[in-house]
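Participant: Quick one: sequence and predicted model below, then my questions.
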Amino acid sequence: QVQLVESGGGLVQPGGSLRLSCAASGSIFSINAMGWYRQAPGKERELVARITSNSNTNYADSVKGRFTISRDNAKNTVYLQMNSLKPEDTAVYYCNAGIISAYTGRLGDYWGQGTQVTVSS
């Protein structure tokens, strides 16, 4: 089986920074695109940032210039550096990845359990 485990969430003051990490483990042949989504209370889950296997990136307009997504393919890990955080960035952040299983050879869509990010003074 494949697992995604996130870390790095927490409470931060407006203007502060946090770095989220998401490590994939298990029966992995290869990883395609990886991304971060978020869901605030009462709102739908939305894409924050996405990075392809060759490191092409795209961002939600609301985070452009403040957030940076990156990946370490040797570690099967994706990162989200969040700077200049605002109260409206408060949400549960979820990691997502398209992973080809080494066991089945099939592409699957996997999600992490989520990590809470709270921006408040």
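Facilitator: Cool, got the structure. Numbers count the residues shown, from 1 in each chain.
Participant: Pairing partners for the residue lying closest to residue 87 once chain neighbours are set aside in the sheet, please.
Facilitator: Excluding the flanking residues, the one nearest residue 87 by CB to CB, 6 or more residues apart in numbering is residue 119, at 5.0 Å. For the C-beta atoms, the positions are set from N, CA and C on the backbone; glycine is no exception. Beta bridges link residue 119 to residue 12 when assigned by DSSP bridges.
Participant: Next up, the contacts around residue 119.
Facilitator: Counting by CB atoms under 8 Å, 6 or more residues apart in numbering, residue 119 touches 12-14, 16, 85-90.
Participant: can you tell me which residues contact the residue nearest the centre of the chain?
Facilitator: For the chain, the residue nearest the mean C-alpha position is residue 36 (2.9 Å; CA atoms, centre = their mean). When contacts are counted by CB under 8 Å, 6+ apart, residue 36 touches 20, 22, 47-50, 69, 78, 80, 93-96.
Participant: Output the below-cut-off pLDDT ranges for the protein.
Facilitator: For the chain, no stretch has pLDDT under 70.
Participant: If we use 90, what do you get?
Facilitator: Low-confidence segments of the chain, defined by pLDDT under 90: 1.
Participant: Give me the nearest residue to residue 116, chain neighbours excluded.
Facilitator: Residue 116's closest residue in space is residue 9 (CB to CB, 6+ apart), at 5.0 Å.
Participant: Tell me, how many residues neighbour residue 12?
Facilitator: Residues lying near residue 12 (other CB atoms under 10 Å) number 18.
Participant: Also residue 31?
Facilitator: Residue 31 has 19 nearby residues by other CB under 10 Å.
Participant: Run the chain-centre distance for the host helix or strand of it.
Facilitator: Under the criterion of DSSP states H and E, residue 31 resides in strand 28-39. Distance of strand 28-39 from its chain centroid, counting by CA atoms, centre = their mean, to the nearest Å, is 7 Å.
Participant: buried set for it?
Facilitator: 28, 31, 33-38 (16 or more other CB atoms under 10 Å).
Participant: same question, stretch 108-121
Facilitator: Residues of stretch 108-121 classed as buried by neighbour count (16+ other CB under 10 Å): 110, 112, 114-115, 117, 119.
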